[in-house]
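J.: 3D model of this:
(one chain, ligands or ions: 2)
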Amino acid sequence: MDTHISHSPEETFELGKAWGKVLPSGTLLGLSGDLGAGKTELVKGIALGLGSDARVHSPTFALLNEYHGGRLPLVHLDLYRLQSRGDVIQAGLEDYLRAPPGVTVAEWIERWFGAENPSLETAPSNLYRHVRFEVLNEFDRRIDYEDFGT
Ligand SMILES: Nc1ncnc2c1ncn2[C@@H]1O[C@H](COP(=O)(O)OP(=O)(O)O)[C@@H](O)[C@H]1O
Ligand SMILES: [Mg+2]
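T.: Ligands and ions are numbered 1, 2, ... in the order given. The predicted model follows:
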């Protein structure tokens with residue numbers, strides 16, 4: 001597991017940008033952490049790193065946004081309003097989590113995993129990066145991340 005302490009929204013954005021430049025096709029990033037932790041800020045950076053000039057906004061009311069024009073498509077899911085894995089399946093989002101196209105990022109990934117071990121979930125051909133945000137104070141965030149799969 002790696003840890004990045006971010007001291008500003010810009011620093012979180014830059015971390016996402018660096019990831020967006022190099023993540024392979026078929027990557028799922030699962031983000032967890034409180035509202036306002038910086039999950040969407042990270043996704044904005046990922047979009048720019050992929051080379052998309054789209055303006056990322058929170059999909060909380062849309063469940064899913066897709067951004068094109070970059071090196072790979074970016075699929076941005078926000079599972080906040082769903083309660084459980086059953087809800088995720090009902091909403092038609094299961095395929096995005098099991099066989100992520102391009103770079104797929106899911107905020108509130110715990111809605112999907114529940115108490116299960118994230119390492120068991122994605123296909124072996126895919127990369128799964130589990131990312132946990134912790135709010136330390138107004139501007140400091142602890143970002144722990146761990147890769148599973150190739
Ligand atoms: N180090 C930091 N990283 C990310 N966001 C930060 C940081 N410090 C303060 N913020 C603020 O916290 C909020 C994060 O919002 P957002 O990314 O939408 O959170 P989430 O998607 O986790 O609910 C923004 O208002 C941002 O300016
Ligand atoms: Mg968000």
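J.: Only C-alpha atoms from now on, for both contacts and neighbour counts.
T.: Fine.
J.: Who are the contact partners of the residue most central in space within the chain?
T.: Closest to where the C-alpha atoms of the chain average out (CA atoms, centre = their mean) is Val105, at 3.1 Å. Shown here is Val105, whose contacts under the criterion CA atoms under 8 Å, 6 or more residues apart in numbering are Leu28, Leu29, Gly30, Leu31, Val43, Leu74, Val75, His76, Leu77.
J.: In helices, which of those residues fall?
T.: Helix and strand membership here follows DSSP state H; of those, those in helices are Val43.
J.: which of the contacts of Val105 tops the neighbour count?
T.: When those are compared by neighbour count (other CA atoms under 10 Å), Val43 ends up highest, at 30 neighbours.
J.: Tell me which residues of stretch 34-45 come out buried.
T.: By neighbour count on 16 or more other CA atoms under 10 Å, the buried set for stretch 34-45 is Ala37, Gly38, Lys39, Thr40, Glu41, Leu42, Val43, Lys44, Gly45.
J.: Any regions of this structure where pLDDT drops low?
T.: Low-confidence regions of the chain, defined by pLDDT under 70, span residues 59-61, 119-124, 150.
J.: picking that back up, now the contacts of Val105 as a markdown table including distance to ligand 1?
T.: As requested, the contacts of Val105 are exported to a markdown table (distance: CA to the nearest ligand atom, whole Å):
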| residue | distance to ligand 1 |
| --- | --- |
| Leu28 | 17 |
| Leu29 | 14 |
| Gly30 | 12 |
| Leu31 | 8 |
| Val43 | 8 |
| Leu74 | 16 |
| Val75 | 15 |
| His76 | 11 |
| Leu77 | 11 |
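J.: Which single one of the contacts of Val105 is nearest to Gly49?
T.: Val43 (9.7 Å; CA to CA).
J.: Going by secondary structure, the residue nearest to that closest one when sequence neighbours are not counted is in what exactly?
T.: Once its chain neighbours are removed from consideration, Val43 has its nearest residue in Gly16; the separation is 6.3 Å (CA to CA, 6 or more residues apart in numbering). Counting by DSSP states H and E, the element that carries Gly16 is helix 9-22.
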